[in-house]
Structures are given as structure tokens and as C-alpha cells.
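Peer 1: sequence unknown, structure follows:
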């Protein structure tokens, strides 16, 4: 249900990786908010716990208010980085945003507004192509529901408290098979199954407000190892993303 742009010039193996870029929950919400409350073993007990020492309490604190966030992501296939992505996107509201994908010397820009999606390949000298909505508005970087499912794996998923870029974060990690991916969403599961993958390994770092700060996803498709890294920063109020095409009115 996410709209993953497959840049030109990507070899077939890398294209398969791009198709599995981020098995999103398609909920368009907070990257670390629980879509399955039962995934947290005891939400009543964790609601009063200290989020600085208890990752379940941190995840339970994740808010539902709209916000904007910047994302930097790399996609590797066979140990080689073949795609770099930078993005600024809204969450917990109608998904809008902009992003730039670089594969070798090819750059693709994407702008999603409330009414349309625009693509441009080749930089400022190139023209924009408008795609009319309705399209499914869900970010490739929406990690909604993953942290609670990791917590449901038990104590072994809790890798401890770390400080990254001056921010206190809880490191969660584990293997999510098809059944657990289905707890995030049926689409997350079907995206994996469609490529013949039986599960993913996920590392997710959430801050004391339950927001995802970093994530790494690993899996193997057609015998080729794939890795996606994500770093989230500059949280702020939701933003308006306008059409990049000048009005002719």
C-alpha cells in the first residue's frame, strides 16, 4: 500500500530490494505508535512506569498529534549502497511531503500534496509529471506498530538504553516472522510474502517520547542480503507541501 518509486537503471536484484524498501503498516501514523495495543504485555502497568528506563513505557507515551519529521535513508543490496533517500514528511495526518532519491547519477524527486503526487527526474532542468489522486497516502517510513511487536518478543528484544546524537534512546531488536508482521498490518505481511521472504530482522531505537529515531531492517531475497537504514530528526509541527508546478492562473 505504500508508493515505492523504483528509479531507472536499478538492476533486477536491487529492484526487488526497492520493492521491499520498508514493509510499512500503511496506517499513516506515528512511526512508533502502537497499532496493536495488546502487543504491549501490560499497558496498565507501563503507563506509570519511567519511560527513561522502561521501553514499554516510552512506546506507550507515543502521541497521536500530527507532526513533520526529516528522514535520511540508505538501501543496500549485497553489501553495496545503491539508493540514498532524504525526505521531509508529515505523520499522524494525511500524508504529504517531499523526498529525493539518488541511484548512481540519477536523481528522482517526489512531492506529495493533498491533491496530487509529482515526480521529476534529472534535476531543475527537467519538468514535473503530475499524478492525480486518489492514491494511497502512506509513507514508506511509517514504522507504526513495529515497536510494540518487538516488545512482545520478550526480554531478549530489549537491548538497553543508549545515547545517540545526544538523545537517550531504547534499542529494541528481533526477528519478525510473517505472523508478527501481520500484527503490524496485513499489507506489511503481504509485501514480504510477495518477494518470497519469510521474515525480517529489525533494530529500532525509540526515544523517551516513543518516537522512532533510528531503524535498520535486514532480510534476504533471492539469496541477496538487503539492509535499509533510517534516521529521523527535526521533529516539528505539520507542514504544508504545495505543488512544485507554478500556477498558470
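Peer 2: Right, received. Where do you want to start? Just so it is clear, the model here is predicted, and its values are computed rather than measured.
Peer 1: what stretches of the protein score poorly on pLDDT?
Peer 2: Low-confidence regions of the chain, defined by pLDDT under 70, span residues 1-48, 133-138, 248-249.
Peer 1: hey, where'd the helices end up in it?
Peer 2: Taking DSSP state H as the criterion, the chain contains helices spanning 12-19, 43-46, 55-60, 146-151, 178-184, 186-193.
Peer 1: ok, for residue 242, nearest residue in space, not its chain neighbours?
Peer 2: Setting aside the residues directly before and after it, residue 242 is nearest to residue 113 in space (CB to CB, 6 or more residues apart in numbering), at 6.3 Å. From N, CA and C alone the C-beta is placed, and that goes for glycine too.
Peer 1: and that neighbour, backbone torsions?
Peer 2: Reported as degrees, to the nearest 10, the phi and psi values for residue 113 are phi -100, psi -180.
Peer 1: OK, contacts around it?
Peer 2: The neighbours of residue 113, taking CB atoms under 8 Å, 6 or more residues apart in numbering as the test, are 96, 241-243.
Peer 1: For residue 119, give me its contacts.
Peer 2: 5, 108-110, 128-129, 131.
Peer 1: what about residue 168, neighbour count?
Peer 2: Neighbouring residues of residue 168 were enumerated by other CB atoms under 10 Å; the total is 15.
Peer 1: nope, residue 83 is what I meant
Peer 2: Other residues near residue 83 number 24, with proximity taken as other CB under 10 Å.
Peer 1: same thing with residue 88?
Peer 2: Considering only other CB under 10 Å, residue 88 is surrounded by 17 other residues.
Peer 1: let's have the chain start at 182 instead
Peer 2: Fine by me, first position is 182 from now on; the one you just mentioned is residue 269.
Peer 1: With residue 306 as the reference, measure out to the closest residue to it other than its chain neighbours.
Peer 2: In this structure, residue 269 finds its nearest non-sequential neighbour in residue 251, 5.2 Å apart by CB to CB, 6+ apart. Counting by CB to CB, to the nearest Å, the gap from residue 251 to residue 306 is 26 Å.
Peer 1: With neighbour numbers in mind, choose between those two.
Peer 2: Shown here are residue 251 and residue 306; by other CB under 10 Å, residue 251 has more neighbours (15 against 6).
Peer 1: Identify the bridge partners of that one.
Peer 2: Following DSSP bridges, residue 251 is listed with bridge partners residue 269, residue 414.
Peer 1: got the contact list for it?
Peer 2: For residue 251, the residues meeting the contact criterion (CB under 8 Å, 6+ apart) are 267-269, 413-415.
Peer 1: May I see those residues arranged in a markdown table, with distance to residue 332 as well?
Peer 2: Shown next, in a markdown table, are the contacts of residue 251 (distance: CB to CB, whole Å):
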| residue | distance to residue 332 |
| --- | --- |
| 267 | 30 |
| 268 | 27 |
| 269 | 29 |
| 413 | 19 |
| 414 | 24 |
| 415 | 26 |
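Peer 1: Name the member of the residues you listed with the most neighbours.
Peer 2: Neighbours here are counted as other CB under 10 Å. On that basis the top member of the contacts of residue 251 is residue 413, with 24 neighbours.
Peer 1: Many thanks, have a good one.
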